[in-house]
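Participant: coords below, sequence missing:
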């Protein structure tokens, strides 16, 4: 019998679990070759614009295989609808039975993406984070901060956005959660004050410029999940001491790394995979003066891990 | 609000609809380039063996995009479980909203596959079908007959199978539906008596041999949906007057056509696509002496069309 779980029950289950270890374990399994993750399925709509990603796979020997469908339709707001939709499907690896449908409406994608950002910060941030810089006032702009801050022991934030209204709303809501929030429309001001920067926008051209980035900064880019999107000046990746991909194979086809390689400023053999950095920290930051960059394009093993964590909480 | 529909309600809805026209329209749209169908996603399990196919896509300008997940785990019977599982998901093309989950447990895949076989027989069978030959005593062996027989006006059947028990069960149940069923374990006997043959087995080596096939025969192969599976002697395709693919691009990668091209007996430029044959019958059989072969690997447009037909019936 298939269990169908609505968002409210998923949110309840999430309150009682910490996804960080599950996501870390997932990336390590992925980089060790124990995860079967075929290329991401994609549908692109033009009118109105929308993108759909189908991610699926399994950890060898695990109980489940998982299929996740998540979409972004960014003109939905005009109709009072959320931009993101989606669900996760959990099937038994040994029989194919559909065990559980998590009608998360895209929320678990947000959670596992935010958790991946936190995992990266834990692995690559300098030892003392002065201030956290966030690009983007949307859901990921908020959740990245929520999940990352506890791991780097910093609650001072500068947030960059295009709209003063959105910046004010961000300041209000994150302030209410106990963060000290400064807002700006000047990307250089973020780079000048922050040594941990997370970009979480749907930008199609670079927001953060190489000249502004100080030594000792870690930057995580989470926004560029299609070949068109990009948030970072490629020269930042060219200059960085360590460039980490959540999935090297995927980052060669989309995201910041794809653009930096295409621009001729980054070589493939300089890439390190996140799971390998988690398993062997010497592959990551080895000094507080280094610049490190991580590109998160989203890997199905995150969906596998977050759905299993929720399933365990629901069936405990 | 997402509608979640169990199998029993889907079966009820199917009773009131005829899928043939919907499937025909789908193939025509596909061959006219109006359907976006990315490559099939696939997961293969070894222990126990299982295969999962993820098919997805949309007809341009239509209401929905559809994702279908269907699996076959052929050792499930030992646990008293059905071999096939699956579901279809219907999302709004303009907003990404998940509108409907059809928990069909693989049944709609069976229906649309059987309906495609019927569509092919309608398009390519000789004008007078003497007897229908069926390879395979499983679900498709039954449903292909049920859906095809009314369109070719023939209720005489020879069924081939490996197991006497399965053959007897087939004869009983299809006999109860009004078919005159003869059983055999000799593939040549099927070819000698039947000028419409449908192969619906999970065979990994050819069952039907070229020397046995008579002029004037149409053969539809529906079983080989992975690169490993095959049911026909490649020489049959080499000799055939018309070779039809449900999807040329897909048939170049899996199925009978893939094997025949690999064997060097068939050239790609001899392939005709099913939707084009439906739109222009002169591309298909033009004489009752011709041998025609159709290879059905399954195309997402069938899933789109059958799910929409069920949805319409449910919401009427």
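Facilitator: Okay, I see it. It should be emphasised that the depicted structure is a prediction, and the values quoted were computed from it without experimental measurement. Numbers count the residues shown, from 1 in each chain, chains lettered A, B, ... in the order given.

Participant: all helices of the stretch 51-200 of chain A, in order?
Facilitator: A:107-124, A:139-152, A:164-176, A:187-193 (DSSP state H, counting those that start in this stretch).

Participant: Buried deepest among the ones you listed, which one?
Facilitator: With neighbours taken as mean count of other C-beta atoms under 10 Å in any protein chain shown, the helices of the stretch 51-200 of chain A reach their highest mean count in helix A:107-124, at a mean of 25. In this view, the C-beta of every residue, glycine as well, is placed from N, C-alpha and C.

Participant: can that helix be found next to chain B?
Facilitator: No - shown here: helix A:107-124 not in contact with chain B (C-beta under 8 Å from any C-beta of the partner chain), separated by at least 12.4 Å.

Participant: Could you pull out the buried residues of stretch A:262-270?
Facilitator: Neighbour counts over stretch A:262-270 (16 or more other C-beta atoms under 10 Å in any protein chain shown) mark A:265, A:266 as buried.

Participant: Now do it: everything it contacts.
Facilitator: A:234, A:235, A:237, A:238, A:243, A:248, A:252, A:257, A:260, A:261 (C-beta atoms under 8 Å, 6 or more residues apart in numbering or on different chains).

Participant: ok so, going back, redo the helices of the stretch 51-200 of chain A as TSV? Include distance to residue A:13 and mean pLDDT.
Facilitator: Converted to TSV, these look like this (distance: least, C-beta to C-beta, whole Å; pLDDT from 0 to 100):
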stretch	distance to residue A:13	mean pLDDT
helix A:107-124	10	96
helix A:139-152	16	96
helix A:164-176	23	98
helix A:187-193	35	97
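
Participant: Turn those into CSV, columns for distance to residue B:294.
Facilitator: What follows is the helices of the stretch 51-200 of chain A, written out as CSV (distance: least, C-beta to C-beta, whole Å):
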stretch, distance to residue B:294
helix A:107-124, 40
helix A:139-152, 48
helix A:164-176, 56
helix A:187-193, 59
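
Participant: So which of the contacts of stretch A:262-270 belong to helices?
Facilitator: Residues of the contacts of stretch A:262-270 located in helices (DSSP state H): A:234, A:235, A:237, A:238, A:248, A:257, A:260, A:261.

Participant: which pair in these spans the largest distance?
Facilitator: A:235 and A:248 (20.7 Å; C-beta to C-beta).

Participant: how about the helices of the stretch 51-200 of chain A, which one is nearest residue A:28?
Facilitator: With C-beta to C-beta as the criterion, residue A:28 lies closest to helix A:107-124 of the helices of the stretch 51-200 of chain A, at 10.3 Å.

Participant: got a list of what the residue in the stretch 201-316 of chain A that chain B sits nearest to touches?
Facilitator: Taking C-beta to the nearest C-beta as the measure, the stretch 201-316 of chain A has residue A:300 as its residue closest to chain B, at 10.6 Å. By C-beta under 8 Å, 6+ apart, the residues touching residue A:300 are A:35, A:37, A:40, A:55, A:56, A:57, A:66, A:68.

Participant: Mind doing that once more with 6 Å?
Facilitator: Residues near residue A:300 by C-beta atoms under 6 Å, 6 or more residues apart in numbering or on different chains: A:37, A:55, A:56, A:57.

Participant: Look up which helix or strand residue A:23 falls in, please.
Facilitator: Remark: residue A:23 resides in helix A:19-31, with elements defined by DSSP states H and E.

Participant: ok, residue A:231 - how many residues close by?
Facilitator: Using other C-beta atoms under 10 Å in any protein chain shown, residue A:231 has 27 neighbouring residues.

Participant: Could you find the closest non-adjacent residue to it?
Facilitator: Residue nearest to residue A:231 in three dimensions, not counting chain neighbours: residue A:199, with 4.1 Å by C-beta to C-beta, 6 or more residues apart in numbering or on different chains.

Participant: now chain A, which segments are flagged as low pLDDT?
Facilitator: A:225 (pLDDT under 70).

Participant: Quickly list the domain ranges of it.
Facilitator: Per automatic domain parsing, the structural domains of chain A span A:3-108+A:301-315, A:126-299.

Participant: follow-up on the earlier one: I figured the residue nearest to residue A:231 hits residue A:135, correct?
Facilitator: Yes - using C-beta atoms under 6 Å, residue A:199 is in contact with residue A:135, at 4.1 Å.

Participant: hmm, back to that, ok, and which of the contacts of stretch A:262-270 reach chain B?
Facilitator: Among the contacts of stretch A:262-270, no residue lies close to chain B (C-beta under 6 Å from any C-beta of the partner chain).

Participant: Farthest pair within those?
Facilitator: For the contacts of stretch A:262-270, the farthest-apart pair by C-beta to C-beta is A:235 and A:248; their separation is 20.7 Å.

Participant: count of residues packed around residue A:210?
Facilitator: 18.
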